[in-house]
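S.K.: fold the following, please.
(chains A, B and C)
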Amino acid sequence: MRDLKHLQYFEDLLQVANNELIAQAKAEGKVCIAYTCENVPEPLVNLPGTFGIRLHAPNTGSMDIATYYMTNLLCEPSRALLERAIEGGFNFADCVITPDGCTMMNRAVENMELLNTMGKDNPNFFHEYMEIAFKNTDSDVALSVLQCTNHILTPLKEKYGIDTSDAAIRAAVEKHNKLCRLVRAIGDYRKGDKPRITGYEFHVLCLATYVCPEDLVIEKLEETLKELKTRRPDAKQPWRARILLVGSEVDDSGFIKLIEEQGALVCCDRFCFGSYPGRVEIELNDEEDALTQVCRHYIRNCQCPRMMSMDKVYGRKQYVADLAKEYNADGIIYQQVKFCDPWAYERVLGSSMLQHDFGYPVLSVDRPYNIASSVGQMRTRVQAFVESIEIKKIQKGGAAE
Amino acid sequence: MKTVETVVNTRKRAGEQSPGKIYSDKLKVRRRREWRGVKDTFYDYTRWLYLMSVLGRFIMVPRNVKGFFRYRWMMSYLFVPHGMDKFTVGLRDEALRIAHTSFNFVIADVTQAIANCFRGDRRVGNDKAYSDKCVITDENSMVTFMMGFDKDKQVHTILREVPTMFASNIFHQFNVMHYLDIAQQYGISGDVCPMPEAEAGISIEDDFCVLGCCAVQNNTTCDGSLMGNGIIAKRLEREYGIPTFQLATPLRHKEPDVLEYAATEIKKAIAFVEEHTGEKWDWDVYFASAKRVNYATRCRIAQMEINSSPYPQFFGAAFSLYNDTNYMGNSGRDPRFVKIDRKLLQLAEKGYKNKRMYAREYRHRAIVWGVQPQYVIDMLYWMVQCWGVMPLTDMLSVINTEMIAEEDTPENREQAYRDMAMLNMEMIMRNHTHGGYKVLLDDLWELCEKMNADLVMMWEHMSCKALTGMHGMFEEQARERGIHIMWVSHDLCDPRVFTRSAIRDQVSNYMRTVMREEPLDPSLEHIPDDEAW
Amino acid sequence: MKKKLQKKILNALLSVLLKLALAGGIFFVVTFVIYFFNLDMKATSMLEPFLEKWYDKLERKQYI
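M.R.: Prediction:
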């Protein structure tokens, strides 16, 4: 296939945490709200006059200083973020909103606060931590509304004079939905026998929507969608299997590339900061206030392993099975970043249930934050998995090309 | 750096002076028991007899024999007398009596818990009528939501994981390795906390008793603990048809804006128990329990005050395990704890009055922070006797000091849900490991000030991410305050990662190289007990 | 006659008490020896390998 026109542009945006679009939005006078967890309702950090940036630490190498503060037993993303913060890589942030989701990420941000890594020149700079819901009930929605009010909206209004009215939230949701529709439409080109976009390309585009100001990526995404409508797939497809990738956050597109180099198309993504459920539109009605509806959307759609009620525990596996069916996946890779506690358990239960209850071949792996440090091992695992899927197809009498 | 005055014991210890001599490198067990002088040896002997009678009465019941041969973890309870000996090395007078009073009661309580499990267990006693009135809860869970159910007549609370994993690991250090291997064989990573991992392993191995009409799970202490629940609940629900309720407990327990949610969750848990047991919440029972919770709180505060003096009395594993049993597993439901609380306080007051000391001298006053290892739970007694480092209190014993409403009025009935929610949120360990860095860092320094400590012994449970995530800040803030910080790494209940001697060596190395001191009792410095239970 | 009966009862009582004291003494000596020389735990340590084999042999329904 011909290269996507803007792929290089988006790839470049992902090379640094403080990318050029952040600088552009800041120059326009907007307030930058940094966050670290997918449980933060995005429209609330993309209100008029603000833009939300999900913190990431591309091209992470040494994490020595963060390792001193948090030991080498904490997950690499949390240490990578702390290291980057200490280096001054997140100085663009005007505040940090941190849900007490996974312990390690929470500790990373607490270290950032204690070490005074950000906001030195900004008297309005603040850190806020919030409780997030555990279950899918009305009282969890009420909790979420209260937390978002107390720890996002109120400080934004008080410190930066941001309009946090219902109308402002509705406007932010509308903008967010536009972005979601675009990403979903682009992602749909991974369906079918001859996909017009690879998993790697999609991941680059999707990740950019989290780490860049929403407004500033929409135009190029629209152009990319237009380009995909006429993009001609290769006559001979290189794919030996279609894979659904599930698990903890993937900030390194190189991981997806590595999988695809072994002939496995990543046809769908269900991981933290992927397109499912992060790029699913929020439906609003006029009867209820927007904030409650946004919070309900995040709770109902949340696939975070921290949601502990059994309807959510079983529901997460059903969600993966439904996606695998929709995207016609041959197999599923359950992955976790090393030392991630929530996914260490979810990976095991998920891979077992998807295999035994839903009949999918599953590869269950852990990996480093930056895949460059473990290319050989991961390649071997994926190669073997792809071969096993092919063998299964042959045994079933299917066509293994 | 901060220093404290050395307190010297003017009395000579009765009996033998070097208890390290009774250990053997050829045997798994000690050569003999300790000679403590006539009076204390006889007392210790009578408590041994009592323990034997508790175990003897237990094994006389046929279904308990059946259970013994069905469940691997039961083997640990053969070694209870050995476990008791670990808690009494070098102790005399009131200290010995405090250790026995508290720990013997804990053992009797655990024995009863096992007997209850076997009675209702579908594979052992299969007493269906009994089982239908049983509610299973987690090992690390507060049982406040059961405070209004009469424990003898209405509903039985079964903390199924306590005898299976938590207590059995105290008596047999290798006990949970088998279950960890099973969990890891099924793919759970080796770096998660071994406690919930072992519990998941027990469930995978089908080595839990199966009983109860329903189960209430809790997001107790950490992400691992929360996540392990899913694996256990799946088997309970899908294989054994036991419905489960997940009692969500907010993590940021110091924030007032989570309290209503936590109270609502308590109400839901109570409604769930009522629905499945067919029994009704009784406010008379609740407020009677609340009075006992307050009494236990007052006693604990008094014990801590004694420990703030130069002559601490009730500390270490006995203090921590007794608090654990009383505060979390009991939560005011059992009136027998009142009598024990009173007796323990009287003993401590007597010991304080008589200036009783646990060692020849106290060179340092230490706050023990972090999570203690299950398999070296007697470590603090060793530390005071070998090195003269007096552990004033441990993090797990620094729990709620607020009184809860105990009079039955319409307002207090609403307040009661908030009280239960508060206690639930502030359950042992999570009240410091979660809820923001202040409860982990600032609380420690305040305690150092309040109890006049010059040293922090920091248990670094290597799989506890909430604690290790603050490693550097502990170092920096201790340095700023001039407080010594002694890191002691372990892996909670997996002795393959750090053996007992490897753990003790960390203390010895620190004392020699940093403090430049020699042991008070050299016979204890190297104990050949890595292979012992 | 009455005195004789009283003496007989006293003797019987003494004999019971003596036997009880003897039994108590033997119980004390035996249990104290077991206690002091840790014989209970030494015996248990010999049981452990057999028990482990027993538990290893038990079939269980192992799954996640």
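
S.K.: how about stretch B:149-166: buried residues?
M.R.: Buried positions in stretch B:149-166, judged by neighbour count with 16 or more other Cβ atoms under 10 Å in any protein chain shown: B:149, B:151, B:154-166. Where C-beta positions appear, they are placed from N, C-alpha and C, glycine not excepted.

S.K.: and the two most separated of the residues you listed?
M.R.: Using Cβ to Cβ, the pair of the buried residues of stretch B:149-166 lying farthest apart is B:Gln154 and B:Met165, separated by 27.0 Å.

S.K.: and the residue nearest to A:Gly274 when sequence neighbours are not counted, what element?
M.R.: Spatial nearest neighbour of A:Gly274, excluding adjacent residues (Cβ to Cβ, 6 or more residues apart in numbering or on different chains): A:Cys206 at 6.5 Å. Using DSSP states H and E, the element containing A:Cys206 is helix A:199-211.

S.K.: mind giving me the packing neighbours of that helix?
M.R.: helix A:7-13, strand A:50-54, helix A:166-187, helix A:214-230, helix A:253-261, strand A:264-271 (3 or more Cβ pairs under 8 Å, 6 or more residues apart in numbering or on different chains; DSSP states H and E).

S.K.: could you dump the ones you listed to TSV with mean neighbour count and mean pLDDT?
M.R.: Listed next are the helices and strands packed on helix A:199-211 as TSV, based on neighbours: other Cβ atoms under 10 Å in any protein chain shown; pLDDT from 0 to 100:
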stretch	mean neighbour count	mean pLDDT
helix A:7-13	16	97
strand A:50-54	24	98
helix A:166-187	18	98
helix A:214-230	16	96
helix A:253-261	21	96
strand A:264-271	25	96
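
S.K.: helix, strand, or coil at the residue of chain A found nearest chain C?
M.R.: With Cβ to the nearest Cβ as the measure, A:Ser352 is the residue of chain A nearest to chain C, at 4.6 Å. Three-state call for A:Ser352 (DSSP: H, G, I helix; E, B strand; the rest coil): helix.

S.K.: what's around the closest residue to it other than its chain neighbours, how many residues?
M.R.: With Cβ to Cβ, 6+ apart as the measure, C:Ile64 is the residue that lies nearest to A:Ser352, at 4.6 Å, once sequence neighbours are left out. With neighbours defined by other Cβ atoms under 10 Å in any protein chain shown, the count for C:Ile64 comes to 19.

S.K.: got the contact list for the helix holding A:Cys206?
M.R.: Helix A:199-211 has contacts (Cβ atoms under 8 Å, 6 or more residues apart in numbering or on different chains) with A:4, A:7, A:10-11, A:13-14, A:17, A:19, A:53-54, A:56, A:179, A:183, A:186-187, A:190, A:217, A:221, A:224, A:243, A:245, A:250-251, A:253, A:256-257, A:259-260, A:265-267, A:269, A:273-275, A:278-279.

S.K.: how about a cut-off of 7 Å?
M.R.: A:4, A:7, A:10-11, A:13-14, A:53-54, A:56, A:179, A:183, A:186-187, A:190, A:217, A:221, A:224, A:250-251, A:253, A:256-257, A:260, A:265-267, A:269, A:273-275, A:279 (Cβ atoms under 7 Å, 6 or more residues apart in numbering or on different chains).

S.K.: only C-alpha atoms, please: export that helix in PDB.
M.R.: Extracted in PDB, the C-alpha atoms of helix A:199-211 (Å, rounded to 0.1, in the frame of the first residue of the first chain):
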ATOM      1  CA  GLY A 199      -2.800  -1.900  13.000                       C
ATOM      2  CA  TYR A 200       0.500   0.100  13.300                       C
ATOM      3  CA  GLU A 201      -0.800   3.000  11.300                       C
ATOM      4  CA  PHE A 202      -4.000   3.100  13.200                       C
ATOM      5  CA  HIS A 203      -2.200   3.000  16.500                       C
ATOM      6  CA  VAL A 204      -0.100   6.000  15.500                       C
ATOM      7  CA  LEU A 205      -3.200   8.000  14.600                       C
ATOM      8  CA  CYS A 206      -5.200   6.900  17.600                       C
ATOM      9  CA  LEU A 207      -2.400   7.600  20.100                       C
ATOM     10  CA  ALA A 208      -1.900  11.000  18.700                       C
ATOM     11  CA  THR A 209      -5.500  11.900  19.600                       C
ATOM     12  CA  TYR A 210      -4.600  11.300  23.200                       C
ATOM     13  CA  VAL A 211      -1.300  13.100  23.400                       C
END
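
S.K.: show me where the stretch 101-250 of chain B has helices.
M.R.: For the stretch 101-250 of chain B, helices defined by DSSP state H, counting those that start in this stretch occupy the ranges B:128-131, B:161, B:167-171, B:177-185, B:194-204, B:223-234.

S.K.: of all the ones you listed, which lies closest to chain A?
M.R.: Per Cβ to the nearest Cβ, nearest to chain A of the helices of the stretch 101-250 of chain B: helix B:223-234, 3.5 Å.

S.K.: ramachandran angles for B:Phe208?
M.R.: phi -90, psi 150 (degrees, to the nearest 10).

S.K.: leaving out sequence neighbours, find the closest residue to it.
M.R.: Once flanking residues are discounted, B:Phe208 sits nearest to B:Ile202: 5.5 Å by Cβ to Cβ, 6+ apart.

S.K.: kindly report the same for B:Glu16.
M.R.: Per Cβ to Cβ, 6+ apart, closest to B:Glu16 is B:Trp35, 4.8 Å.

S.K.: do I have it right that the one you found meets B:Thr41?
M.R.: Yes - using Cβ atoms under 7 Å, B:Trp35 is in contact with B:Thr41, at 5.9 Å.

S.K.: hang on, B:Trp459 in a strand?
M.R.: Yes - under three-state DSSP, B:Trp459 falls within a strand.

S.K.: ok so, going back, so how far is A:Asp357 from the residue nearest to A:Ser352?
M.R.: C:Ile64 is 11 Å from A:Asp357, where distance means Cβ to Cβ, to the nearest Å.

S.K.: kindly report the same for A:Tyr314.
M.R.: A:Tyr314 is 9 Å from A:Asp357, by Cβ to Cβ.

S.K.: okay, those two: which has more neighbours?
M.R.: A side-by-side neighbour count of A:Tyr314 and A:Asp357, using other Cβ under 10 Å, places A:Tyr314 first with 18 against 13.

S.K.: identify the residues contacting B:Ile428.
M.R.: B:324, B:327-328, B:396, B:399.

S.K.: list just the nearest of the residues you listed to A:Lys159.
M.R.: Using Cβ to Cβ, the contacts of B:Ile428 come closest to A:Lys159 at B:Ile399, 35.8 Å.
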